[in-house]
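S.K.: Can you look at this prediction? I've put the sequence above it.
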Amino acid sequence: MRRLNGFSKVGMMVLLCGGAAWSGCDKAEPAKDEGAVASAERTDANNGKKASAAGQAAKDDAKFDDADGSAAPEPEPEAIAEADEEAPAEAAKSVAASPVPMDGARGGRARNKKGLSLGRHNSPMSGSMAQPAKPMPRRMPPPPPPGTAADKDKDPSAGEGYDHVAENEFIAVADDPRSTFSIDVDTASYANVRRFLEGGNMPPPEAVRVEEMINYFGYNYESPIGSDPFSINTEVSGTPWNDETLLVSVGLQGQRIDMSEVGARNLVFLLDVSGSMSSPDKLPLLKQGLSMLVNNLRDDDRVSIVVYAGASGVVLEPTMGNDKPRIMEALERLQAGGSTNGGEGIELAYDMAAKHFEKGGVNRVILATDGDFNVGATNRTELLELIEAKRKSGVFLSVLGFGTGNMQDSTMEMLADKGNGNYAYIDSKAEARKVLVEEAGGTLVTIAKDVKLQVEFNPAEVESYRLIGYENRKLAHADFNDDTKDAGEIGAGHSVTALYEVKPKGNSSARTTDKLKYQDDAKLSEAAKSGEMLTVKIRYKKPDGNKSKLISLPVTGDDRGLRNTSKDFRFAAAVAQFGMILRHSKYKGDATYDEVLKLAGESLGSDAHGHRKAFLDLVKKAKRIDNGKGSGTLARKR
C-alpha cells in the first residue's frame, strides 16, 4: 500500500477518516505542510472510494504466521508495482488529521550422596532538501534472503537496549543464610528469545532472563485455601545438571477468578504511533492484538485510546464495551510517524484513567511500544519517577513490547516494574492471544501487590545456595519488612516459580568471610535440629492496601528422586537448563540441549494450549543454530 507523504515533523499519526464519521476528525487541524495538504486534496477528489477494514486486516494477517510469528515473504517487485497503480484509490480513504487533544495536554526422593534427603515442596530526506540525483530504476531488487553473505555479519540485536545482569553466585550460608527478592510475573524474555531463534540467530545473553522463561509457562500448583490470594508449593530433588547439588522449587499459585465476576474494567490503551512503530511487526501487529482484547470486552467495560508521537492526544474518548465497532474503527485508523514523546503520553493516559476510575473494578493503562523514547522525558530516572508517582493513584500498568531493531527491553521492563504491572513481548498473533485472551485475568486483574519472598536456609542442612534468575529483583533483607518498598504483583491465575540450587551440608565450611571475633556464629538454635532445610516467608498487600501480611512455610526433605517428582518440577528444571545454556552460564554443569529435550519431553503434562510442546521445537532450533546447522545463519559469537 502506498504511504501518503508530507506529514509534519511533530510526528502525529494519520487518522483515516474515509467516508465514515469519526468523533473529532472533521474538526481536526490539517498538518501545516504542503505535502499533507496536497494529500488531503487528492483524498477529497476521490472521496467516494473506500477501503475495507476487513481487507486491511487480511493484509496484516498475511504478514505474520499465527503459530510462530515469523514474517511472511515480502511481495515481489512486480506485485508492488501493480499495487502502486491502485494507489489513488487506496489514498482515497485517508485524510491527514491530528488527534483530538485532551484539555491541558501538551500537543526423588532418594537420599543424596551427602546424606540429605530429597523432597517435594523480552527517513528519507524531504523533497525540498534532497539534492538532485540520477534517475533511479523503477523497480529495486529484493533484499538478499536471510543467511546470505549480505547479512552474515549483521548483529540482530544492534540498536536494541538490554541491561547487563551479573549472574547470581553461590552464597555460603555461614556468610548469609537469607535470600530476599521480589517476585516477577513478566514473560517478555521468553518471547523475545523465541524471536531471535525463529529468525535463525542466537539471542544475546543479556536478553535471557531465566526466571521469565520459567514463568512463561503455567504450572499445575495447588490452588489457595483460605483467605490468602495464593498458595505456596515447594518441591526438592537432585539437580539434573549437577550431581553434587539439590534443586529446590518454590511455586506460588494465584487464585483463579471467574472473569464474569470481576468488576468493570476501565482500560486506557496508550499506543506508540511514532515513526519507529511503522514496520509490520509493530503497529499492525499491535492493532491485531488489541482487537482480540476488544472482542472479549463485556458491555460494562470501558476503553479509551491515547496515542503519542511528537505530541500526545486522545483518539477515542471512553467507550463502553457494547460499542465494539467504534473501538475497532479507532484502532484501524492508526498510522505511524514522527519522534517519540512517551513521557507526555504516559501522563495523559493516567489522567484519563483517573478521570474515569472504576471503584471496585479494574483500572489499568496498557502501554504498547517498542520502548524507543527519543524526545521528552527520555532519561530513565525521569520516567521511573513519573511512573512511581502515577501508580499511587490505584491505576496499574501493563507494558506490551513490539518489534525488532530498536526494541528497548530494559526501558519497558523498568516501566512495568515501577508501575505495579507486568511486561510481555508480542512477537506474533499467537502470543497476543496468549497474553490478552488466554491469560487476560493475570494480565489485567491484580490479586496481590508488593509480593516479596525471603528464604532462610538452615546452616545445619545447607552449605551454600544460588538463586537461579531474579538477578534484577533482589532486595535488601531489611526491605522485606519495609512496607514502603515496592515489589512485584501477582495477577489472577498467575503461577510464579523460583528455583534454588543448593549444596547440602558437608564436612568443610564453604564460607568466604572470616569468623567473627566477638561472638560465636557457629552456635545453632534448637530449630536447626528440626531437619528442616529452609523456611519460605512471603509478604504481600491487597491490591488496594498499604499494610503487608506475612505467611511462611518450612521445607523439609523426604526420599523422592527426580523421576518421582512432579512434571511441573521437571519441566521448570528443563527450562532453567535451557536458559543457562543460552546465557553461557558457568553453572550450567552437564546441561545440554539433548538433556533439556529429554527432561522436558517427559514432563509435558496436559499442555492445553501447546506451549510446552512448542518449547521443544524452540530448543531444537537453538541446537541447530548453535551447532552451525541453521538455515545459513551464523550463531552469535561467544
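M.R.: Cool, the structure landed.
S.K.: show me what contacts Gly491?
M.R.: 185, 254, 422, 439, 441-447 (C-beta atoms under 8 Å, 6 or more residues apart in numbering). Glycine gets a C-beta too; all of them are placed from N, C-alpha and C.
S.K.: Which residue is the nearest non-sequential neighbour of Asp590?
M.R.: Trp241 (4.9 Å; C-beta to C-beta, 6 or more residues apart in numbering).
S.K.: Can you get me a residue count around that neighbour?
M.R.: 23 (other C-beta atoms under 10 Å).
S.K.: care to break this protein down by domain?
M.R.: 25-98+259-444, 171-257+446-509+527-626 (automatic domain parsing).
S.K.: Return the mean pLDDT over the longest one, rounded to an integer.
M.R.: So the one you mean is domain 25-98+259-444. Domain 25-98+259-444 shows a mean pLDDT of 76.
S.K.: So what does Asp427 have for phi and psi?
M.R.: phi -110, psi 0 (degrees, to the nearest 10).
S.K.: repeat for Gly421
M.R.: Dihedral angles (degrees, to the nearest 10) for Gly421: phi -140, psi -160.
S.K.: what do you get for the one 3 residues further on?
M.R.: As for Ala424, its main-chain torsions (degrees, to the nearest 10) stand at phi -130, psi 150.
S.K.: Can you tell me, leaving aside adjacent residues, what's nearest to it?
M.R.: Val435 (4.6 Å).
S.K.: Could you look up the SS state of the one you found?
M.R.: In three-state terms, and counting by DSSP: H, G, I helix; E, B strand; the rest coil, Val435 is helix.
S.K.: try Met414
M.R.: Classified using three-state DSSP, Met414 is helix.
S.K.: Please verify my assumption that it contacts Glu382.
M.R.: No - with contact taken as C-beta atoms under 8 Å, Met414 and Glu382 are classed as non-touching, separated by 11.6 Å.
S.K.: between the two, who's got more neighbours?
M.R.: Neighbour tally, Met414 and Glu382, criterion other C-beta under 10 Å: the higher count belongs to Met414, 20 against 13.
S.K.: ranges for the strands of the stretch 151-300 of the chain?
M.R.: 171-172, 178-182, 230-239, 242-254, 265-272 (DSSP state E, counting those that start in this stretch).
S.K.: got the residue ranges for the strands in the stretch 501-638 of the chain?
M.R.: Under DSSP E, counting those that start in this stretch, the stretch 501-638 of the chain gives strands at 532-541, 549-556.
S.K.: So what touches the longest one?
M.R.: Contacts with strand 532-541, where a contact means C-beta under 8 Å, 6+ apart, come from 116, 229-230, 232, 234, 236, 248, 250, 252, 448-458, 461-462, 480-481, 483, 490, 502, 547-557.
S.K.: So how do I select the buried members of those in PyMOL?
M.R.: Command for PyMOL that selects the buried part of the contacts of strand 532-541, burial taken from 16 or more other C-beta atoms under 10 Å:
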select buried, resi 116+229+230+232+234+236+248+250+252+448+449+450+451+452+453+454+455+456+457+458+461+462+480+490+502+548+554+555+556+557
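S.K.: OK, contacts around the most centrally placed residue in the chain?
M.R.: In the chain, the C-alpha nearest the mean C-alpha coordinate belongs to Ala424, at 1.8 Å (C-alpha atoms, centre = their mean). Contact analysis of Ala424 by C-beta under 8 Å, 6+ apart lists 186-188, 191, 398-401, 431, 435, 443.
S.K.: so how many other residues sit close to Thr319?
M.R.: Residues near Thr319, counting by other C-beta under 10 Å: 20.
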